[in-house]
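Participant: dropping the sequence and predicted coords here.
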Amino acid sequence: MPVALTGCGRAIGDECQLATDCSPNGDRTCDLSQPGGYCTIEGCDETSCPSDSACVRLFPVQFLPESASCDPACEDAAPMSVPLVSCPAGGPSSPVPCAGASTNLCAADELCLPVLPANPSGGLGGLCAPRSGERRLCVKTCGSNDDCRGGYTCRAAGALGSLPLLTNSCGNFSFCAPQ
């Protein structure tokens with residue numbers, strides 16, 4: 001007797017026009033702010049994304065004032081006497097120590113967001129971003145551009161207004177993002 005297959009929806013990062021394109025169960029949404037739509041799970045945490053995806057914190061850097069620059073390594077940092085986390089050989093680079101004194105350039109309701117590859121204004125390497133502007137989304141992880149659909153590129157989390165949501169400071173991932 002043949003088994004009837006039910007529609008499972010699409011994977012994280014797939015194209016969509018409606019939330020039901022992503023999941024008939026309502027557990028995924030279609031982010032129409034992304035080119036061609038992007039199947040995702042909103043409000044994720046480190047453990048709530050399916051395999052082949054991860055949770056990323058996104059901030060709208062295009063709306064951040066370049067005058068609000070900060071140094072991600074020094075913002076609210078502990079003094080250099082605090083030992084840094086040692087990452088395993090071959091893993092992501094360990095956090096960069098704050099070469100000077102700890103700074104507090106961002107307001108209490110802001111986060112010093114790294115702007116990689118570089119702050120266009122030549123500032124301190126980061127911009128103060130309001131925490132209220134944060135969106136958490138499950139995104140498709142990738143190892144190269146070949147893993148992403150047309151019009152998307154494999155980008156390291158921590159660049160262009162994104163931060164990986166990880167408790168392990170040595171961890172990182174890349175994800176499919178619009179070009």
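Facilitator: Thanks, I have it.

Participant: got a pLDDT number for the residue lying closest to Gly151 once chain neighbours are set aside?
Facilitator: Closest residue in space to Gly151, ignoring its immediate chain neighbours: Pro35 at 5.3 Å, by Cβ to Cβ, 6 or more residues apart in numbering. The way it works is simple: take the backbone N, C-alpha and C, and place the C-beta from them, glycine included. Here the pLDDT value assigned to Pro35 is 95.

Participant: what do you get for Asn25?
Facilitator: Value listed for Asn25 in the pLDDT field: 91.

Participant: that one should be in a helix, yeah?
Facilitator: No. Asn25: not assigned to a helix; according to DSSP: H, G, I helix; E, B strand; the rest coil it is coil.

Participant: now it: how far from Ile41?
Facilitator: 12 Å (Cβ to Cβ, to the nearest Å).

Participant: same check on Gly150?
Facilitator: From Gly150 over to Ile41 (counting by Cβ to Cβ), the distance is 23 Å.

Participant: then Cys74?
Facilitator: Cys74 sits 34 Å away from Ile41, going by Cβ to Cβ.

Participant: over to Gln179?
Facilitator: Counting by Cβ to Cβ - Gln179 and Ile41 are separated by 23 Å.

Participant: who has more neighbours out of those two?
Facilitator: Ile41 (20 against 10; other Cβ atoms under 10 Å).

Participant: can you pull the contacts of the more buried one?
Facilitator: Listed by Cβ atoms under 8 Å, 6 or more residues apart in numbering, the contact set of Ile41 reads 12, 27-29, 48-50, 137-138.

Participant: mind doing that once more with 7 Å?
Facilitator: 27-28, 48-49, 138 (Cβ atoms under 7 Å, 6 or more residues apart in numbering).

Participant: of these, just the buried ones, PyMOL syntax please.
Facilitator: In PyMOL, a selection of the buried entries from those looks like this (16 or more other Cβ atoms under 10 Å):
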select buried, resi 28+49+138
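
Participant: roughly how far is the lowest-mean-pLDDT helix or strand in the chain from the heart of the chain?
Facilitator: One helix or strand of the chain scores below all others by mean pLDDT, DSSP states H and E: strand 69-70, with a mean of 82. Averaging C-alpha positions (Cα atoms, centre = their mean, to the nearest Å) puts strand 69-70 19 Å from its chain's average.

Participant: and it, which strands flank it?
Facilitator: strand 126-130 (antiparallel) (DSSP bridges).

Participant: what is the rounded mean pLDDT of the strand it pairs with?
Facilitator: Computed over strand 126-130, the average pLDDT equals 85.

Participant: can you list contacts of the helix or strand just after that strand?
Facilitator: The helix or strand immediately downstream of strand 126-130 is strand 135-140, counting by DSSP states H and E. The contact list for strand 135-140 (Cβ under 7 Å, 6+ apart) reads 12-13, 31, 40-44, 49, 52-58, 165, 175-176.
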